[in-house]
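Student: Model the following, please.
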Amino acid sequence: MIDFRYHLVSIIGIFLALAVGIVLGTTALNGPVLDDLRGRIDDLSGDKRALEGDVQGLRADQRASDEFAASVAPGLVSGSLDEQRVLLVVTPETPTNLAERLTPLLEAAGAAVTGQLRVLPALSDPASKQLVEDLVADVLPGGLDLPDGEPVERAAAELAAALSTQPGEDGIDPAEAQAVLSAFEEADLVQYAGEADALQQATSVVLLGSAAPEGRLKDAVLAEQQTVLFLAEAFDDRSGGAVVAGPTGSSADSGLLRVLRDDSGVAGRVSSVDNADRGVGQIAVVRALAEQLRGAVGAYGSGAGAAGPLPSPAP
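Tutor: Down below sits the predicted model:
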């Protein structure tokens, strides 16, 4: 009769055999496996170095392209905005250098930049709805008709009336225009930087937005984008034309330029440029503004919805 010790010895023998097999198998395979892993690591390291080289080459090409565009830009836009007054509108998310880089080119085109209007988050905030509505009513200039819409839409129309006018026409009374702007500034809805001596009304407007939002609350982004679109429509109504521009990536999904181009009502009236951080994009902004003053509209840049890099030059 087989006793317990026999079973125990058998079990121990089985485990010893497995252990010996594992040791022998690991020893036999260890070299080829390690060699294969080392080869894969070397290949990946080589691919990484090649990609880094490609990125550096693309950045060098981009710098050269921007330098070339900057050198020829003044000649390409010269005289296209003669005797025009241009207002720049920005948001807190607009890249800080976008307006700074665009201003000299607008001046090279013959325009005078009247100032810069910064739209603050409170103007788009639903919690400010009653404040905006009351403010619009309190400083409404005499004879000015506003749209029957949301308070922020009516505010956009009132700001546009205060800060812009059609070429060759007088705008609303300067004192009333200043009262509107001062009230919105005191309520921390906007900030304005312009000529210290007197408020100048622009004949055309460039609205500068941001790239596709990352890490921001979706509702806040949508509210801000809608406010920019309201302002674009309002300034297009009151002035000779408006262009909405953003940096590379602004026409990506959920970006401002994608939202604008998907809105057939706005896109049919307001021009757009989706690469205003690039040299060619800045040329496109100026020429798109000149095109607006001629009564035409278009979408330009290198992103989704763009018809081409630049508007056709004026005849």
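Student: Pairing partners for the residue nearest to residue 202 when sequence neighbours are not counted in the sheet, please.
Tutor: Using C-beta to C-beta, 6 or more residues apart in numbering and skipping the chain neighbours, the partner closest in space to residue 202 is residue 87 (3.6 Å). Every C-beta, even on glycine, is put in place using the N, C-alpha and C of the backbone. Beta-bridge partners for residue 87, by DSSP bridges, are residue 115, residue 205.
Student: Please enumerate the strands of the stretch 1-150 of the chain.
Tutor: 85-90, 112-119 (DSSP state E, counting those that start in this stretch).
Student: Output those as a markdown table; include the columns distance to residue 185, mean pLDDT and mean neighbour count.
Tutor: Shown next, in a markdown table, are the strands of the stretch 1-150 of the chain (distance: least, C-beta to C-beta, whole Å; pLDDT from 0 to 100; neighbours: other C-beta atoms under 10 Å):
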| stretch | distance to residue 185 | mean pLDDT | mean neighbour count |
| --- | --- | --- | --- |
| strand 85-90 | 14 | 96 | 24 |
| strand 112-119 | 10 | 95 | 20 |
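Student: could I get those as CSV with distance to residue 228?
Tutor: Converted to CSV, the strands of the stretch 1-150 of the chain look like this (distance: least, C-beta to C-beta, whole Å):
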stretch, distance to residue 228
strand 85-90, 8
strand 112-119, 7
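Student: unless I'm mixing things up, the residue nearest to residue 202 is touching residue 199, no?
Tutor: No - applying C-beta atoms under 8 Å as the test, residue 87 and residue 199 come out as separate, 10.7 Å apart.
Student: Need the residues touching each of the two.
Tutor: residue 163 (C-beta atoms under 8 Å, 6 or more residues apart in numbering).
Student: I'd like the distance between the residue nearest to residue 202 and residue 223.
Tutor: As judged by C-beta to C-beta, to the nearest Å, residue 87 and residue 223 stand 22 Å apart.
Student: what's the answer for residue 159, then?
Tutor: From residue 159 to residue 223 the distance is 17 Å (C-beta to C-beta).
Student: Can you tell me the closest non-neighbouring residue to the residue nearest the centre of the chain?
Tutor: Centroid-nearest residue in the chain, with C-alpha atoms, centre = their mean: residue 210, separated by 2.5 Å. In space, and not counting its chain neighbours, residue 210 is closest to residue 93: 3.7 Å by C-beta to C-beta, 6+ apart.
Student: how about that neighbour, what does it touch?
Tutor: Residue 93 makes contact with 209-210, 213, 224 under the criterion C-beta under 8 Å, 6+ apart.
Student: show me where the chain has helices.
Tutor: 4-77, 96-108, 121-124, 129-138, 151-163, 174-186, 218-238, 256-262, 264-267, 279-293 (DSSP state H).
Student: For residue 248, which of those is the nearest?
Tutor: helix 279-293 (7.8 Å; C-beta to C-beta).
Student: Check which helices and strands that closest one is in contact with.
Tutor: helix 4-77, helix 96-108, strand 204-208, strand 242-245, strand 271-273, strand 299-300 (3 or more C-beta pairs under 8 Å, 6 or more residues apart in numbering; DSSP states H and E).
Student: circling back: filter the contacts of residue 93 down to the buried ones.
Tutor: Neighbour counting by 16 or more other C-beta atoms under 10 Å classes 209-210, 213, 224 among the contacts of residue 93 as buried.
Student: Report the two of those residues separated the most.
Tutor: Spanning the widest gap among the buried ones among the contacts of residue 93 are 209 and 213, at 10.2 Å by C-beta to C-beta.
Student: Find me the pLDDT at the residue nearest to residue 210, would you?
Tutor: On pLDDT, residue 93 comes in at 88.
Student: What about it? Give its phi and psi, please.
Tutor: phi -90, psi 0 (degrees, to the nearest 10).
Student: From residue 124, how far off is it?
Tutor: For residue 93, the distance to residue 124 - C-beta to C-beta - is 11 Å.
Student: can you check residue 312 too?
Tutor: Residue 312 sits at a distance of 35 Å from residue 124 (criterion: C-beta to C-beta).
Student: Which of the two has more residues huddled nearby?
Tutor: Between residue 312 and residue 124, counted using other C-beta atoms under 10 Å, residue 124 has the larger neighbour count: 23 against 10.
Student: wait, doesn't the more buried one sit right on residue 223?
Tutor: Yes - between residue 124 and residue 223 there is a contact at 4.1 Å, judged by C-beta under 8 Å.
Student: How about the contacts made by residue 173?
Tutor: Residues counted as contacts of residue 173 (C-beta under 8 Å, 6+ apart) are 141-142.
Student: Sweet, I'm off.
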